[in-house]
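> Just a sequence and a predicted model for now, questions to come.
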Amino acid sequence: MTRLFKRIQHLIALKIMNIKTIKMKKTIFTLAVTMVIAGAMITGCQSSAEKVESAQDKVKTAEDNVTVANQELNQAIKDSIRQFKKESEEQITAYDKSIAEFKVKIKTENKENRARYEKRLAEMEQQNREMKRRLEDFNDDRMGEWDTFRARFKHDMEAQGKAFHDFWSGR
């Protein structure tokens, strides 16, 4: 039940991050449109020299706004990466704990079942190590690959979770 609750919390957090990103994009777009409209109104009442100077000021302001927006976006992505890594590391740790518990439980199985379970556990342990390595290897320098990495990693984590859930059903 707690895994389901954690999963729901995780999904809600991802939705909130997506909503914040969309709001930020809308804000930037609205700001840009407002700047263009304001520029059109100001340039209609000025001389050519004033128009050029005003346009240069507007370009500088717009460039500054874009720089700030990009910095905020990069920080939001970095925060998203850190949060995802933290949650994934916690889940991998939980999987490691489950593996240890399963090892204790299979000791009471007959020889045939024990061999089959030990093989499945070895595969699950290897998958866990691989996911941990992939998570550690991903860094902020690869922010352009973040969405792809997150989707693939999330898919693999869900598959690993299903493997844990279905472990004892293979009797």
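Received it, and whenever you're ready, just let me know what you need.
> any weak-confidence spans in the protein?
Applying pLDDT under 70 to the chain flags the ranges 1-26, 29, 31-33, 36, 38-47, 170-171.
> all strands of it, in order?
Per DSSP state E, the chain carries no strands over any range.
> Which strands and helices lie in contact with the helix ranked longest in it?
The residue-count maximum for a helix in the chain (DSSP state H) belongs to helix 48-106. Under the contact criterion of 3 or more CB pairs under 8 Å, 6 or more residues apart in numbering; DSSP states H and E, helix 48-106 touches helix 2-43, helix 111-137, helix 146-165. C-beta: built from backbone N, CA, C; applies to glycine.
> and the second one with helix 146-165, angle?
Here the directions of helix 111-137 and helix 146-165 differ by 160 degrees (axes from the mean of the first three to the mean of the last three CA atoms, to 10 degrees).
> elements contacting helix 111-137?
Using 3+ CB pairs under 8 Å, 6+ apart, helix 111-137 is in contact with helix 48-106, helix 146-165.
> and of the ones you listed, who's closest to residue 34?
helix 48-106 (10.6 Å; CB to CB).
> Please consider this matter closed, and thank you.
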